[in-house]
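Student: have a look; sequence and predicted model below, questions after that.
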Amino acid sequence: MRLRPFVALLLLAASGSAAAADLVVSAAASLTDAFQAVGKAYEAKHPGTHVVLNFAASDVLLRQISSGAPADVFASADQAAMDQAAAAKAIDVSTRRDFARNGLVLIVPEGDPAKVASPEGLRASVVRRVAYGDPASVPAGRYTKAALEQQGLWEAVSAKGVLAQNVRQALDYVARGEVEAGFVFATDAHLMRDRVDVVADVATPTPVTYPIAVVAGSKHAREAAAFEDFVVSAEGRKILAVFGFQAP
């Protein structure tokens, strides 16, 4: 299974060189490891199908799809991005389903040099930089902003904000010690538990749920629907659970 960047996907669209059995799945960055495993399991059950995975922030993926990049399945990290996809008629709304649930956490570099114990602690002068996804394009960033607004902390924290292009970049900033703290999904923090510490679970005004849908105009709509069925099946959810995702 290969990961292809947006440029490669556009070249495929222009050349028409994608194999008939290629199923292109555009999925949120936080699903990277889980969907790699899901894709392998799906291919094992469908030997004639090759799952091509494309990962990025959900809003970026939607822009790619709207710009003509080939895609058969869209899996978003929040409802807002999928709502935008529905409004743009980029998905077959009849296929839209929630398939996973996650949580937002506050993380610090291993050992917590700044001694941050809660979101309130981010007000401290020793905390100079806080990483989170750009709320304008990254679901994790939208959840972060909404949670901090609810706690009356958004103004103080955003003044120290280091905006990431996706949740994995925010995770990397913290893991490398380039910031004193950051907000990511619980599943992402788990992947680097040897390099970051979770100091708080962060309540969000709306649940962190992941929707999936078949892309409108997919040339492989039947296969796309079958992949979606696999993701929401007991076997698919068992794989997702290995990476920390809960049932919706």
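Tutor: Received it, and whenever you're ready, just let me know what you need. Quick caveat: nothing in here was measured; it's all calculated off a predicted structure.

Student: contacting residues around the closest residue to residue 219 other than its chain neighbours?
Tutor: Distances taken as CB to CB, 6 or more residues apart in numbering place residue 72 nearest to residue 219, at 7.5 Å, with adjacent residues excluded. Any C-beta I mention is one placed from the backbone N, CA and C, and that applies to glycine too. Counting by CB atoms under 8 Å, 6 or more residues apart in numbering, residue 72 makes contact with 23-25, 214-215, 218-221, 223-224, 227.

Student: and whichever strand or helix holds residue 99, what's buried?
Tutor: Applying DSSP states H and E as the criterion places residue 99 in strand 97-102. By 16 or more other CB atoms under 10 Å, the buried positions in strand 97-102 come out as 99-100, 102.

Student: over to stretch 65-74?
Tutor: For stretch 65-74, by 16+ other CB under 10 Å, it's 65, 69-74.

Student: which pair in those spans the largest distance?
Tutor: 69 and 73 (12.8 Å; CB to CB).

Student: need the residues touching each of these two.
Tutor: With CB under 8 Å, 6+ apart as the test, residue 69 and residue 73 both reach residue 26.

Student: residue 120 is in contact with residue 156, correct?
Tutor: No. Counting by CB atoms under 8 Å, residue 156 does not reach residue 120; the two are 9.3 Å apart.

Student: more neighbours: these two, which one.
Tutor: residue 156 (16 against 13; other CB atoms under 10 Å).

Student: what's the pLDDT at the more buried one?
Tutor: As predicted, residue 156 sits at a pLDDT of 98.

Student: nearest residue to residue 242 other than its sequence neighbours?
Tutor: residue 37 (7.1 Å).

Student: wait, what's in contact with the one you found?
Tutor: 239, 242-243.

Student: for the closest residue to residue 38 other than its chain neighbours, grab phi and psi.
Tutor: Spatial nearest neighbour of residue 38, chain neighbours left out: residue 239 (5.3 Å); criterion: CB to CB, 6+ apart. Main-chain torsions, residue 239, degrees, to the nearest 10: phi -70, psi -50.

Student: state the pLDDT value of residue 239.
Tutor: On the pLDDT scale, residue 239 gets 98.
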